[in-house]
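A.B. asks: The following comprises the amino acid sequence and a computationally predicted model.
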Amino acid sequence: MEDTNLKMAQQDINDALETVKDLEKVANEENLSKELLREKFVTLNEKVKNLENILKNEGII
């Protein structure tokens, strides 16, 4: 894997993990807004798609 793609993949993984942590925090709140929860899932989905594209371009998946 090229260094550039490796760094991008690492960043996407870190971003996705941070989004999961944010989701956990939001899920534990009593006043959980559906819009906020949706926003966090959309962000997570985007990060995972970016990572998937990098891995596909590298022939890993």
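C.D. replies: Cool, got the structure.

A.B. asks: Can you tell me the closest non-neighbouring residue to the residue most central in space within the chain?
C.D. replies: Central residue of the chain (C-alpha atoms, centre = their mean): residue 16, 2.6 Å from the mean position. Computed as C-beta to C-beta, 6 or more residues apart in numbering, the closest residue to residue 16 that is not its neighbour in sequence is residue 47, at 4.1 Å. Using the backbone N, CA and C atoms, a C-beta is placed for each residue, glycine as well.

A.B. asks: Hmm, residue 17 and the one you found touching each other?
C.D. replies: No. Residue 47 is beyond contact range of residue 17, at 9.0 Å (criterion: C-beta atoms under 8 Å).

A.B. asks: Tell me which stretches of the protein form strands.
C.D. replies: Applying DSSP state E to the chain gives no strands.

A.B. asks: Which parts of it are helices?
C.D. replies: Assigned by DSSP state H, the chain shows helices spanning 3-27, 34-57.
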